[in-house]
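Novice: just coords:
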């Protein structure tokens with residue numbers, strides 16, 4: 001029997017390491033560079049409503065957004081865009097304290113595992129850039145080198161994420177002790193499973209105090225300011241814009257938030273909270 005002595009440290013990505021949802025950020029940034037694809041987004045307001053009233057689940061919504069905004073794009077184009085996107089995330093969106101925590105575990109000789117529902121076409125390289133040994137993520141589907149609105153296997157979310165982590169830990173390395181970091185309620189199974197759980201959410205009334213709480217704080221400063229703003233667009237306005245005035249959507253959003261659309265966080269789009 002192998003002697004298990006390794007410590008495995010599992011990090012969630014979106015809003016744990018980064019100060020925003022990277023999947024939404026990726027899609028909106030891609031849409032900004034390819035505005036003609038706004039015409040393909042006409043059905044997304046209905047998709048959001050179906051998700052909100054629980055007719056459809058997170059995985060279905062994720063594929064709908066992928067197909068509308070980036071579906072059919074060549075692998076070369078996605079890879080080129082991902083390269084510049086990753087650079088922007090590392091420079092502008094990573095929480096300083098989270099990066100310090102990652103580096104601390106790395107220097108301690110721990111095995112770093114990034115477990116995220118985000119897609120492999122950008123998150124595998126992002127994980128490598130951040131120093132992770134392994135990236136467990138949602139896998140994309142390609143047909144003739146064109147991106148499809150599908151997922152290969154399971155969406156790496158909730159229990160599916162936990163199952164991927166368990167399989168990796170039990171099958172690949174001699175990990176004897178696990179430490180997990182996450183901000184999201186869908187990762188409660190992961191936090192409950194880990195030997196040591198670090199809850200990265202902001203403490204609220206009724207907060208689970210049985211887990212260790214850590215706050216990584218706002219993102220890396222950009223032009224002297226961290227990217228943390230309160231929501232400024234209500235759901236009805238956003239839905240109306242997407243449905244009736246798609247061409248004006250980007251300019252209106254930028255004007256309301258006072259920032260480029262590719263710097264917006266999930267909190268700026270209340271109608272799509274939970275699309276992770």
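Specialist: Alright, I've got the coordinates. Predicted model, so just to flag it, every value in this text is computed and none were measured. Residues are numbered from 1 along each chain as shown.

Novice: measure residue 192 to residue 159 for me?
Specialist: 11 Å (Cβ to Cβ, to the nearest Å). Bear in mind the C-beta positions are built from the backbone N, C-alpha and C, glycine included.

Novice: what are the boundaries of the helices in the stretch 51-200 of the chain?
Specialist: 58-69, 75-92, 96-107, 120-129, 159-172, 188-193 (DSSP state H, counting those that start in this stretch).

Novice: out of these, flag the one nearest residue 33.
Specialist: Nearest to residue 33 among those is helix 75-92 (7.0 Å), distances taken as Cβ to Cβ.

Novice: any buried residues in the closest one, and which?
Specialist: For helix 75-92, burial by neighbour count (16 or more other Cβ atoms under 10 Å) applies to 77-78, 81-82, 85-86, 89, 92.

Novice: ok, now stretch 96-114?
Specialist: For stretch 96-114, burial by neighbour count (16+ other Cβ under 10 Å) applies to 98-99, 101-102, 105-106, 110-114.

Novice: swap in stretch 149-168?
Specialist: 149, 151, 154-158, 160-162, 164-165, 168.

Novice: for this structure, name the helix or strand with the lowest mean pLDDT.
Specialist: helix 235-244 (a mean of 49; mean pLDDT, DSSP states H and E).

Novice: from the buried residues of stretch 96-114, which is closest to residue 61?
Specialist: In terms of Cβ to Cβ, no member of the buried residues of stretch 96-114 lies closer to residue 61 than residue 114, at 22.6 Å.

Novice: bridging residues for that closest one?
Specialist: On the basis of DSSP bridges, residue 114 is bridged to residue 11, residue 135.

Novice: sorry, back to before: including distance to residue 199, could the helices of the stretch 51-200 of the chain go into a markdown table?
Specialist: What follows is the helices of the stretch 51-200 of the chain, written out as a markdown table (distance: least, Cβ to Cβ, whole Å):
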| stretch | distance to residue 199 |
| --- | --- |
| helix 58-69 | 21 |
| helix 75-92 | 23 |
| helix 96-107 | 14 |
| helix 120-129 | 22 |
| helix 159-172 | 16 |
| helix 188-193 | 6 |
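
Novice: in JSON lines, list the ones you listed along with distance to residue 180 and mean pLDDT.
Specialist: Supplementary listing: the helices of the stretch 51-200 of the chain in JSON lines, determined by distance: least, Cβ to Cβ, whole Å; pLDDT from 0 to 100:
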{"stretch": "helix 58-69", "distance to residue 180": "20", "mean pLDDT": "95"}
{"stretch": "helix 75-92", "distance to residue 180": "22", "mean pLDDT": "96"}
{"stretch": "helix 96-107", "distance to residue 180": "12", "mean pLDDT": "93"}
{"stretch": "helix 120-129", "distance to residue 180": "16", "mean pLDDT": "97"}
{"stretch": "helix 159-172", "distance to residue 180": "8", "mean pLDDT": "93"}
{"stretch": "helix 188-193", "distance to residue 180": "5", "mean pLDDT": "93"}
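
Novice: of all those, which one is nearest residue 46?
Specialist: Closest approach to residue 46 among the helices of the stretch 51-200 of the chain is made by helix 58-69 (9.4 Å; Cβ to Cβ).

Novice: which other helices and strands does the closest one contact?
Specialist: helix 22-33, helix 44-52, strand 146-152 (3 or more Cβ pairs under 8 Å, 6 or more residues apart in numbering; DSSP states H and E).
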